[in-house]
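> Next comes the sequence, and after it the predicted model I'd like to discuss.
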Amino acid sequence: MSGPETDAFLGCVQAEEVPVEVIIDSSPCSSTCGLGLKTQTLCLLRDSKTAMEEAPGGKDGTEVSEVCRVHKVKCQESWQCGLRTVTVTSGQRVEVDCLGEVMEAMGTFSWRVSWRYARGIITSDDSLFARWEAPELDRVILDPVREEDAGTYRCDVQDAGFRRVKRVYWGVRVLPAGILNLDQ
């Protein structure tokens, strides 16, 4: 093998040492469903050239330096958040927040939020839901809530790349005014 291609290849092989970082510590994800954040500690290897080479017997002889940095990274254990329920009395205010945890973890980005509603039933059977337009995209506010508002509100969140990052079902039970609510 000779010529310009060989010279370019050898130039890459003989390139200067490239700094290599390794994760030495990582926190759990801040959210068990939907997007969250975790904190990682990354440190430079003392001899990254040696770390990149395979050593006989599987011993690489690498050491981590004291040059470290801490940074936060996105994480997602599951996009399925399950069914959450709330029981209220007619006339109260109900606020179902879909994006709050995602926004807290990630800040303001381009999100696509869609809502569906299964009237009068608490369920996670997707075939029972119809499209529902929420005046505020990130949350449903029922103020005052009425008995006919009872049912399940499903929220789907997608990121800018249209990947689903969260789905949550909110079952809302509405009791008539004057009824004792044993859940409180």
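In hand now; what should we look at?
> Report the beta-bridge partner residues of the most centrally placed residue in the chain.
Among the residues of the chain, the one closest to the centroid is residue 35, at 0.9 Å (CA atoms, centre = their mean). Note on residue 35: beta-bridge partners by DSSP bridges are residue 76.
> try the one 4 residues further on
Each beta-bridge partner of residue 39 is listed here: residue 72, as defined by DSSP bridges.
> Likewise for the one 5 residues further on?
Using DSSP bridges, the beta-bridge partners of residue 44 come out as residue 21.
> unless I'm mixing things up, it is touching residue 23, no?
No - using CB atoms under 8 Å, residue 44 makes no contact with residue 23, being 11.9 Å away. (Each C-beta comes from the backbone N, C-alpha and C, glycine too.)
> ok, these two, which is more surrounded?
Between residue 44 and residue 23, residue 44 has the larger neighbour count (other CB atoms under 10 Å), namely 15 against 10.
> I'd say residue 19 and residue 44 touch.
Yes - at 5.6 Å, residue 19 and residue 44 qualify as touching, with contact defined as CB under 8 Å.
> And the helices in the protein?
Applying DSSP state H to the chain gives helices spanning 4-13, 48-52, 100-106.
> ok so, going back, got a pLDDT number for the residue nearest to the centre of the chain?
For residue 35, the pLDDT comes out at 80.
> now what about stretch 94-101, what contacts it?
31, 34-36, 86, 88, 111, 113, 115, 137-143, 145, 149, 153, 155, 157, 166, 168, 170, 172 (CB atoms under 8 Å, 6 or more residues apart in numbering).
> Give the buried residues for that stretch.
Neighbour counts over stretch 94-101 (16 or more other CB atoms under 10 Å) mark 94, 96-99, 101 as buried.
> any idea how far the residue nearest to residue 113 when sequence neighbours are not counted is from residue 170?
Among residues not flanking residue 113 along the chain, residue 137 sits closest, at 4.6 Å (CB to CB, 6 or more residues apart in numbering). Per CB to CB, to the nearest Å, residue 137 is found 15 Å from residue 170.
> likewise residue 39?
From residue 39 over to residue 170 (counting by CB to CB), the distance is 30 Å.
> Name the residue in these two with the higher neighbour count.
Just comparing residue 39 and residue 170: by other CB under 10 Å the higher neighbour count belongs to residue 170, 22 against 13.
> and the residue nearest to residue 113, how many residues sit next to it?
Neighbours of residue 137 (other CB under 10 Å): 16.
> Ok, residue 161 next?
If we define neighbours as other CB under 10 Å, then residue 161 has 7 of them.
> which ones are touching it?
Counted by CB under 8 Å, 6+ apart, residue 161 has zero contacts.
> Could I get the pLDDT score of it?
So, for residue 161, pLDDT stands at 83.
> Kindly list the main-chain dihedrals of it?
phi -90, psi 10 (degrees, to the nearest 10).
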